[in-house]
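1. Pasted the sequence and its predicted model underneath.
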Amino acid sequence: MLEKNIHTILGCDNNYSESKIVVFGAPFDGTTSYRPGTRFAASAIRNESYSMETYSPYQDKDLEDINVFDAGDLELPFGNPAKALEQIEVFSSEILKDEKIPFMIGGEHLVTLGAIRAVTQLHKDLHIIHFDAHSDLRDEYLGETLSHATVIRRCWEIVGDNRIFQFGIRSGSKEEIYWGRKHVHTCFYNFNDLDHTVELLKDKPVYLTIDLDVLDTSVFPGTGTPEAGGVTFNELLNAVKKLSNLNIVALDMTELSPPLDPTGASTALACKLLREILLYVYR
């Protein structure tokens, strides 16, 4: 998978050896509790990326001027979240070993856990910035501890208290929200506390995880568990911009479900956001 691919995201067709960022798909939605389809996200992004420009007028930068490698999709097992997470961890570790930044495209949000397991082997002082509509802090969901609804709780078990910073949260059970008050930092509904967090983490290794349902359903309907009251695209883009000076050592973007938005608008948004994130994070 570390050989050059034929089918790549626009502007991400450099050689592995010369690239600083490695994009790969994690097409797993085996614990999705409402509407599946996120397994198709990375493939759809590759297809639809050719409808956009490599140049960003927001940043006056171009994907053609940076080195990014698209490693394609992992071949993950159906119905076996533990095995899927193991494969994600192994692949992410390989990228990190080569001193590159892994950028994973989900898939459901559970896939984040595999990458976090890999990153914390290298960065013991890892902090997580989490953009999402849902807190994902349940200890179990329908009896399962490995779930898109428990992923941040599992990450907390690895990094510990006061290492996770959540933004845009507007949904969760009473129990998990109350539990979160004692163990994580949560900014509900928006990014109002982000400047303070950036200042706090300026010298720390950071993992950025973006669940795209942080966006309002009016601009991003193509997601499995939509929640009204989310942020706008420009608000999300400005939030990512504020993170550009942090030491982001790995990141992901999850929960695009292309089949749920037949207009293609959600996939087009994800493509544009991906371009902007790559240009902001590249260093």
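-> Yep, that arrived.
2. For this structure, which segments count as strands?
-> Taking DSSP state E as the test, the strands found in the chain are 21-26, 55-56, 61-62, 68-73, 101-106, 127-131, 164-169, 185-188, 205-211, 247-254.
3. between the ones you listed, which one is nearest to residue 38?
-> strand 101-106 (5.7 Å; CB to CB). The way it works is simple: take the backbone N, C-alpha and C, and place the C-beta from them, glycine included.
4. Flag every buried residue along the closest one.
-> Residues of strand 101-106 classed as buried: 101, 102, 103, 104, 105, 106 (neighbour count, 16 or more other CB atoms under 10 Å).
5. Provide the strand pairings for that strand, with the direction of each partner.
-> strand 21-26 (parallel), strand 247-254 (parallel) (DSSP bridges).
6. Switch those over to CSV; also include distance to residue 161.
-> Formatted as CSV, the strands paired with strand 101-106 follow (distance: least, CB to CB, whole Å):
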stretch, distance to residue 161
strand 21-26, 27
strand 247-254, 20
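7. Determine which stretch of those is the most buried.
-> A comparison of the strands paired with strand 101-106 by mean neighbour count, using mean count of other CB atoms under 10 Å, puts strand 21-26 on top with a mean of 25.
8. Let me know the average pLDDT across that one.
-> Average pLDDT, strand 21-26: 98.
9. Can I get that strand in CSV? Just the C-alpha atoms.
-> This file holds the C-alpha atoms of strand 21-26, laid out as CSV (Å, rounded to 0.1, in the frame of the first residue of the first chain):
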residue,chain,number,x,y,z
ILE,A,21,1.5,13.6,5.1
VAL,A,22,0.0,10.2,4.3
VAL,A,23,-3.7,10.0,3.6
PHE,A,24,-5.5,6.6,3.9
GLY,A,25,-9.0,5.4,4.1
ALA,A,26,-10.4,3.3,6.9
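10. outside of it, which residues touch it?
-> 1, 9, 12, 16, 41-43, 66-74, 76, 84, 88, 91, 95, 100-107, 111, 114, 252, 274, 278, 281-282 (CB atoms under 8 Å, 6 or more residues apart in numbering).
11. How about residue 176: what's its closest non-neighbour residue?
-> Spatially, and ignoring its direct neighbours in sequence, residue 176 is nearest to residue 137 (4.0 Å; CB to CB, 6 or more residues apart in numbering).
12. Tally up the residues packed near that neighbour, please.
-> 27 (other CB atoms under 10 Å).
13. How about the contacts made by it?
-> Shown in contact with residue 137 (CB under 8 Å, 6+ apart): 150, 152, 153, 156, 172, 176, 177, 179, 180, 184.
14. was I right about the last one contacting residue 166?
-> Okay, so that is residue 184. Yes - counting by CB atoms under 8 Å, residue 184 touches residue 166, with 6.0 Å between them.
15. So for these two, which sits in the more crowded spot?
-> Higher neighbour count among residue 184 and residue 166: residue 166, with 26 against 23, using other CB under 10 Å.
16. ok, the more buried one touching residue 133?
-> No - at 10.4 Å, residue 166 and residue 133 do not qualify as touching, with contact defined as CB under 8 Å.
17. joint contacts of residue 184 and residue 166?
-> Residues touching both residue 184 and residue 166 by CB under 8 Å, 6+ apart: residue 152.
18. how about the strands of the chain, which one is nearest residue 194?
-> With CB to CB, the closest approach to residue 194 among the strands of the chain belongs to strand 164-169: 6.2 Å.
19. Please tell me how far residue 151 sits from residue 247.
-> Distance, residue 151 to residue 247, by CB to CB, to the nearest Å: 23 Å.
20. Hmm, I typed the wrong one, I wanted residue 84.
-> Counting by CB to CB, the gap from residue 84 to residue 247 is 28 Å.
21. wait, which of the strands paired with strand 101-106 is closest to residue 234?
-> When these are compared for distance to residue 234 using CB to CB, the nearest one is strand 247-254, at 17.0 Å.
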